[in-house]
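> What would the 3D arrangement of this be:
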Amino acid sequence: MSKRRVFEINFPSDTPEPAAAAVPAGTDPAPAPEPRRGPMATAISENADALKIRADAEQKIRAENDRLAHEFVRLKKLGLVVDRIPLDLIKTTKLSRDRSQSRDPELDELIFSIRSLGLSNPIRVEQDGDGYQLVQGYRRLSAYRALYQETGDALFAAIPAGLVAHGETLQGLYRRMVDENLVRRDISFAEMAQLALSYVQDDGTEATTLDQAISTLYASTGRQKRSYVRHFAELLEKIGSDLRFAEVIPRALGLDLKRYLGEDAALQIALCQQLQQEQPQTPEAELAILRAALERPSRRAPKSSARVDSAKTTLRCTVPAGTVRCLARNGRIEMAMEKDFSTIDQRRLESAITAFFEALAVEGESEA
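Residues are numbered from 1 along each chain as shown. You can find the predicted model right below:
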C-alpha cells in the first residue's frame, strides 16, 4: 500500500497590509480617510459649529449697536440728529422768547421761501415728557404753522427739528437762542431788553439783577451794545407796558427817551397817559407820539438842584420777617426782601402802606 503524500502550508501570523498604491514622484500622498462617525455624533458636531457661528455674529451685532448708540449720543449733543416732529407736539413755554409777539413783517418772505424751496435749516428742540420744547427757530416754527393752517398740506404738519441733548442748563438754552438770533437776524434793542427783563424774572435762572442777565445772555456782544440793551431795558421798565411796537424804536430814539424821562415820574405818567388815550394802531403812529414827547419842554428842576435831586439813601433794616433792603430818593422809595408779597391780602398791604406813611408824617410833624 502506497504512502499518502502530505502537503504543509505555512499561513502568516499577521494579515499582510495591502500594498501602497503607486504615487508619482513629487506628489503628496492622499490623506488617510477620517474614521466614520455615527449620525448622532455628526449632528452634535454640526450643531456646536452653528452655535459658535451664531454667537460670533451676535457679538458683532452687539458691538455695532454699542458703536451706533455712542455715535447717536455724540450727534445728538451736537444737534445733528434731525427728525420730523408734529407741530402740535412742540411747545414754546420753557424759554421767554426774544421775538416780539406782534406780526413780523419779514415772516411772509420766510413763508414764501419755505413753500418754494423747503426748510434749509432745521429748528432745535429739547425733549420734554411726551412732547418737545422749542430752543431755536421761533420764526421757522411760526412759518410752518401758518403754512399748515393755510394749506392743510400734511407736508407742513411736521417740521424738521434737531434734538438737543436732554439735561442742558437753562442758561445754555437761552444762550443758544440768543446767539442764533444775533447771527441769523439782528433783533432790535427793545426785544433784547425785554428778554433780559424776562430772564431776571425766571425762577429757573441764576440772575438776580438786570446787569447779570445782560452779561449772561449777551456775553458774545460788545460792551457798548450791552450798554444800549441796559438803557432800553430801563426805558421799558418805565413805559414798556403801554408800548405796542417797542421793537421798531430806533436806537437813537430809545436812548433819547431814556435820557428825557430820567427819574421824572411826571413825564413818565404824561407819556403813558398819551399812549393809552391815543392807542396807536401802527408802528409809525406810535413813533410819532414818542418823537413828539421829546419836542415838549421838560419840566425838570433847574440844573442847580440836580445834585440835590440825585441824592439817595440806602439802608438795611432787620424786622421779625427778615432783612429789608431800602433805597430812598427824591420822589421814590423802594423796599425789597425775600418774601412773596403777591400772596398777601390787598387790604393788609393797604393798611401797612397807610401805617408806613402815617409814621413818616408823624415824624415830620415832630421835626417841625
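
> hmm, who's touching stretch 75-85?
With contact meaning CB atoms under 8 Å, 6 or more residues apart in numbering, stretch 75-85 is reached by 72, 122, 124-125, 132, 158-165. To be clear about C-beta, it is placed using only N, CA and C from the backbone, and glycine gets the same treatment.

> low-confidence ranges in the stretch 151-300 of the chain?
166-167, 180-186, 297-300 (pLDDT under 70).

> Please enumerate the helices of it.
170-184, 189-201, 210-217, 223-239, 251-261, 265-278, 283-295 (DSSP state H, counting those that start in this stretch).

> mind giving me a markdown table with these and columns for distance to Ala63 and mean neighbour count?
Listed next are the helices of the stretch 151-300 of the chain as a markdown table, based on distance: least, CB to CB, whole Å; neighbours: other CB atoms under 10 Å:
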| stretch | distance to Ala63 | mean neighbour count |
| --- | --- | --- |
| helix 170-184 | 33 | 17 |
| helix 189-201 | 46 | 22 |
| helix 210-217 | 43 | 19 |
| helix 223-239 | 51 | 18 |
| helix 251-261 | 58 | 16 |
| helix 265-278 | 68 | 14 |
| helix 283-295 | 61 | 14 |
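
> start to end distance for stretch 115-124?
Across stretch 115-124, the terminal residues are separated by 20 Å (CA to CA, to the nearest Å).

> Quick one: mean pLDDT over it.
Mean pLDDT, stretch 115-124: 86.

> and Lys77, how far is that from Glu71?
Going from Lys77 to Glu71 by CB to CB, to the nearest Å gives 11 Å.

> and those two? which has more neighbours close in?
Neighbours were counted for Lys77 and for Glu71 using other CB atoms under 10 Å; Lys77 has more, 14 against 10.

> A strand includes Thr314, no?
Yes - the assignment for Thr314 is a strand, going by DSSP: H, G, I helix; E, B strand; the rest coil.

> does it have beta-bridge partners, and which?
Leu327 (DSSP bridges).

> So it sits against Arg329, correct?
No - between Thr314 and Arg329 there is no contact under CB atoms under 8 Å: 9.4 Å.

> which of the two has more neighbours?
Taking neighbours as other CB under 10 Å, Thr314 and Arg329 compare with Arg329 leading, 14 against 10.

> returning to that earlier point: could I get the helices of the stretch 151-300 of the chain in TSV, plus columns for distance to Ser116?
Formatted as TSV, these follow (distance: least, CB to CB, whole Å):
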stretch	distance to Ser116
helix 170-184	19
helix 189-201	28
helix 210-217	34
helix 223-239	35
helix 251-261	34
helix 265-278	40
helix 283-295	28
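
> Of these, which is nearest Ala359?
helix 265-278 (22.5 Å; CB to CB).
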